[in-house]
Structure formats: C-alpha cells, structure tokens
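1. fold the following.
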Amino acid sequence: MKHFILTIAALFMSVAIHAQWKIGPKASVGYIAQKTAPIQVVPMSDYYVYDFEYVGSSPVKSFGFMAVNDMGPVFLQAEVLATTYSMEFFLNGYGGHTDNAQVYKQTHYIIEVPFNAGVKFKNTKLGLGPVLDINVDTDSEFSAMEDYRETAKSMDFGFQAMTGYSTGLFHFDVKYVYKFSSIVDGFAFGYDEMKYKKSANRLTFSVGMTF
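-> Below is the predicted model:
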C-alpha cells in the first residue's frame, strides 16, 4: 500500500507541474452512516434459522493526497486515500447451536479514489462525483468459521456529494459517500442467502493542504 500511495503521489506531482493543479496531503475521519439493523437470512446449507444483525462500526480513517484545479467559478478535485474502517455483526444460533451468541468484527483496508467536479462561491465549494474503492485486504473474525466465504470484488464503486471551504493552503471538506454494494456483499456463510440492501455509506470530515 505504501508503494502504491507514493506512486500516485509522484503522478500527482507530475500532473501539477504540467497543469494548473495544486497538490498536497489530506487526512479525514468519519463514520458509517448505517444504523443497527437485523439481516434476514434464508439458510440454504443446513436449513437452520439463525439471528444475524449489523450492530455498528468503528470510525472511518483516511490519509493520502489531494489535487485541486481551480478554474474560476468551477473546480476539479481528485484524491487518493488509504482508508480503513471496521463493522461489527451479531450472530446467534448458527448451525443450530443456541449458545454461540457472539459479536464479530470485520476490518476493511481500501484505497479510496474519489473525484469531484463542482462550483465555487468565493471560498465555498459544492461538488459531486464518482468514488472508486480498491479492496486491499479484509481482516475478518468470521474467517474462523468453517463455512465462511469471502466474496468481495477487487473494486467497488460509489457516488459522493461534497461541500467544502478553502482558505490559503487549507481545504476543509465534508463528504457523504453512497456505495452501490450492500454491507453483506463481501462475504457469505456457505450458500445462505442474505437479504439486506443497505450499504456502508460513510460521512467524513477532512482537512488538506495544497501547494
């Protein structure tokens, strides 16, 4: 991951030299906006019905680089961020056992590549754009289960809305990222069907500097 970030940073610097782009570091913190909710499961393997629930998440943390091109009343903003967050799930009754209630954690490590285009009103920015998530690794406590399967794709996509404020070298952004995939799309228990459409949408606040 470190070498990937350095390569992208070098690319950003090259672009900045040959165009009206400014680049610099950026850090952000946020949270998964989805509330606690039960997940309906249709058992297909052993046909035992069990309780499964999304119960919460850890803060979303990101660090990387941003590039900004101000063109009068409009702007372009691109970023490459190393992002991590965890989600927790409650599981009880799996395999017909009623005494195995436990909370499991899944920690995700991704390379987040957002792109924004929008308008400026003096120092205030409003933008929209796509987000590419490159899945680097997942550390899952479910992996100890015999029937656990990781089904995450190498890349995931979403869309974001951003409002920001810039003054001098500093940029302050608030973003809401809507992911196209469900929270449960990245894993499975055997071939049980999970009926859950909510996504790990994230709301973040970030601070960056450009030179």
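2. now do the buried residues in stretch 32-48.
-> For stretch 32-48, a neighbour-count test (16 or more other C-beta atoms under 10 Å) marks 32, 33, 34, 39, 41, 43 as buried. In short, each C-beta sits where N, CA and C put it, glycine included.
3. count the residues that sit near the residue lying closest to the third one once chain neighbours are set aside.
-> For residue 34, the nearest residue in space outside its immediate sequence neighbours is residue 198; the separation is 5.2 Å by C-beta to C-beta, 6 or more residues apart in numbering. The burial metric for residue 198, expressed as a neighbour count using other C-beta atoms under 10 Å, is 15.
4. I figured residue 198 hits residue 183, correct?
-> Yes - assessed by C-beta atoms under 8 Å, residue 198 is found in contact with residue 183 at 5.9 Å.
5. hmm, back to that, from the buried residues of stretch 32-48, which is closest to residue 83?
-> residue 32 (11.7 Å; C-beta to C-beta).
6. so what's the closest one bridging to?
-> In this entry, residue 32 is beta-bridged to residue 202, by DSSP bridges.
7. any idea how far it is from residue 85?
-> 6 Å (C-beta to C-beta, to the nearest Å).
8. just to revisit the earlier point, intersection of neighbour lists for residue 198 and residue 183?
-> 34, 54 (C-beta atoms under 8 Å, 6 or more residues apart in numbering).
9. which parts of this structure are helices?
-> Taking DSSP state H, the helices of the chain run over residues 2-18.
10. where exactly do the strands run in it?
-> 22-32, 37-38, 40-42, 51-57, 60-71, 74-92, 102-121, 124-140, 148-150, 155-167, 170-179, 187-189, 193-195, 202-209 (DSSP state E).
11. dump those into a markdown table; add mean pLDDT as well.
-> Shown next, in a markdown table, are the strands of the chain (pLDDT from 0 to 100):
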| stretch | mean pLDDT |
| --- | --- |
| strand 22-32 | 96 |
| strand 37-38 | 96 |
| strand 40-42 | 93 |
| strand 51-57 | 96 |
| strand 60-71 | 95 |
| strand 74-92 | 96 |
| strand 102-121 | 96 |
| strand 124-140 | 96 |
| strand 148-150 | 93 |
| strand 155-167 | 96 |
| strand 170-179 | 97 |
| strand 187-189 | 94 |
| strand 193-195 | 93 |
| strand 202-209 | 98 |
